[in-house]
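[1] Predicted structure and sequence below. I'll ask about it afterward.
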Amino acid sequence: MFKRKHLLGIRELEREEIEAILESASSMKEVLTREIKKVPTLRGKTVANLFFEPSTRTRTSFEIAAKRLSADVVNFSSAGSSISKGETLKDTVLNIEAMVVDAIVVRHKSEGVPWYIATFSKASVINAGDGKNEHPTQALLDTFTILEKKGRVEGLNVAIVGDIAHSRVARSNIWALKKLGANPIVVGPPTMIPPYIDALEVEQAGSIDEVIEDANVIMMLRIQKERMKSPLFPSIREYSRLFGLNAKRLERAKPDVIVMHPGPVNWGVELSPDVMDFPNNVILNQVTNGVAVRMAVLYLLLGA
Ligand code: CP
């Protein structure tokens with residue numbers, strides 16, 4: 001069901017393709033429970049991680065995923081590279097590719113860069129986050145975690161709370177959740193709700209209190225100050241009062257609600273530190289599942 005050369009965005013995927021990745025991730029998760037967490041599936045293949053923006057979870061988990069499948073991995077970050085001498089993005093990619101790599105995992109601050117690389121790359125291209133546009137493997141690991149914890153995605157109310165306007169995680173999740181039959185509801189200050197939400201026919205709410213009782217899943221987002229040209233809310237205190245999640249608020253939620261966050265978390269802003277101890281906080285499960293999902297993506301693109 002998944003026959004593509006590249007994984008660029010969720011928007012262009014069919015529901016069956018998303019389901020094929022999630023099913024493969026389930027098999028990969030089993031590999032991660034073995035004493036020897038390694039299979040020879042991608043022996044002889046090389047994965048290049050090209051990160052032009054900072055990352056902890058995505059870069060590390062792509063590296064672990066490739067190594068669990070016995071691929072070789074090379075990590076490139078723009079800091080310390082010949083980009084500082086004026087080398088272009090295209091020349092950088094062509095030179096890495098000339099060393100004969102099979103997959104390029106790319107993160108870049110500009111929207112569309114993975115699609116651009118795919119126009120000239122012989123290797124498979126995987127989008128690890130392009131500006132405010134898409135973060136497909138994050139949405140896949142998020143839906144995989146929902147499926148694992150709730151047994152289904154279809155029909156669930158998923159509140160996506162916070163800085164929607166700057167969030168590639170929100171965009172990819174909205175596509176994935178809608179394709180899988182869930183009901184995403186975006187929650188945030190009007191300054192952080194982008195105009196495209198209306199076109200996507202996604203429900204909106206003006207505070208977390210409006211959605212907390214009906215939500216099956218609460219997906220909190222990081223305030224992305226680095227992408228804001230000017231402040232979009234009066235103060236952190238005001239933001240937390242309307243859009244922050246804390247243990248007291250969670251008392252009003254369904255007993256089996258799960259709390260998610262893609263990371264990194266601004267503790268004390270979108271999440272109060274007392275949420276760390278909430279039993280259905282699945283933030284670290286998301287990180288674990290990131291390895292299984294990225295193994296599945298590498299396998300489907302390079303080895304299937
Ligand atoms: N969720 C996520 O993309 O985290 P990193 O920026 O650390 O990769």
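    Alright, I've got the coordinates. Predicted model only: the values in this text are computed from it and were never measured.
[2] Please count neighbours and contacts with C-alpha atoms only from this point.
    Fine.
[3] give me the low-pLDDT residue ranges for the protein?
    Where the chain drops to pLDDT under 70, the residues are 228, 234.
[4] That one against the ligand: which residues are in contact?
    For the chain, the contact set with the ligand under CA under 6 Å from any ligand atom comprises Ser55, Thr56, Arg57, Thr58, Arg59, Pro262, Gly263, Pro264.
[5] and the residues you listed, which are buried?
    Listed as buried from these are Arg57, Thr58, Arg59, Pro262, Gly263; burial here means 16 or more other CA atoms under 10 Å.
[6] picking that back up, may I see the residues of the chain next to the ligand organised as CSV, with secondary structure added?
    Shown next, in CSV, are the residues of the chain next to the ligand (DSSP: H, G, I helix; E, B strand; the rest coil):
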residue, secondary structure
Ser55, coil
Thr56, coil
Arg57, helix
Thr58, helix
Arg59, helix
Pro262, coil
Gly263, coil
Pro264, coil
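[7] phi, psi of the residue positioned nearest the centre of the chain?
    Centroid-nearest residue in the chain, with CA atoms, centre = their mean: Gln138, separated by 1.7 Å. Dihedral pair for Gln138: phi -70, psi -40, per degrees, to the nearest 10.
[8] Please report how far the closest residue to it other than its chain neighbours lies from Val125.
    Leaving aside its sequence neighbours, Gln138 sits nearest to Val169 (CA to CA, 6 or more residues apart in numbering; 6.5 Å). Computed as CA to CA, to the nearest Å, the Val169 to Val125 distance reads 19 Å.
[9] Val269 too?
    Remark: distance between Val269 and Val125 (CA to CA) = 35 Å.
[10] more crowded one of the two?
    Set Val269 next to Val125 and count neighbours by other CA atoms under 10 Å: Val125 wins out with 25 against 19.
[11] coming back round to it: the residue nearest to the centre of the chain: what's it in contact with?
    Shown here is Gln138, whose contacts under the criterion CA atoms under 8 Å, 6 or more residues apart in numbering are Val169, Ser172, Asn173, Pro262, Gly290.
[12] and which of those is nearest to Gly129?
    Nearest to Gly129 among the contacts of Gln138 is Val169, at 8.4 Å by CA to CA.
[13] Counting neighbours, what do you get for the closest one?
    Val169: 24 surrounding residues under other CA under 10 Å.
[14] any idea which element it lies in?
    Val169 is part of helix 168-179 when elements are defined by DSSP states H and E.
[15] so what does that helix touch, helix or strand wise?
    Helix 168-179 sits against helix 136-150, strand 183-187, with contacts defined as 3 or more CA pairs under 8 Å, 6 or more residues apart in numbering; DSSP states H and E.
[16] cutoff 10 Å now
    helix 15-32, strand 124-130, helix 136-150, strand 157-161, strand 183-187, helix 196-199, strand 217-220 (3 or more CA pairs under 10 Å, 6 or more residues apart in numbering; DSSP states H and E).
[17] Can you list the buried residues in the second one?
    What that stands for is strand 124-130. Neighbour counts over strand 124-130 (16+ other CA under 10 Å) mark Ser124, Val125, Ile126, Asn127, Ala128, Gly129, Asp130 as buried.
[18] With distance to Leu300 added, can I get the residues you listed in TSV?
    As requested, the buried residues of strand 124-130 are arranged in TSV below (distance: CA to CA, whole Å):
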residue	distance to Leu300
Ser124	11
Val125	12
Ile126	12
Asn127	15
Ala128	16
Gly129	19
Asp130	21
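[19] on that earlier part again, you'd agree the residue nearest to Gln138 is up against Pro262?
    Yes - because the distance of 7.6 Å satisfies CA atoms under 10 Å, Val169 is recorded as touching Pro262.
[20] what residues are shared contacts of those two?
    Gln138, Ala139, Asp142, Leu221, Arg222 (CA atoms under 10 Å, 6 or more residues apart in numbering).
[21] Adding distance to Lys109, write these out as CSV.
    Converted to CSV, these look like this (distance: CA to CA, whole Å):
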residue, distance to Lys109
Gln138, 16
Ala139, 18
Asp142, 22
Leu221, 18
Arg222, 16
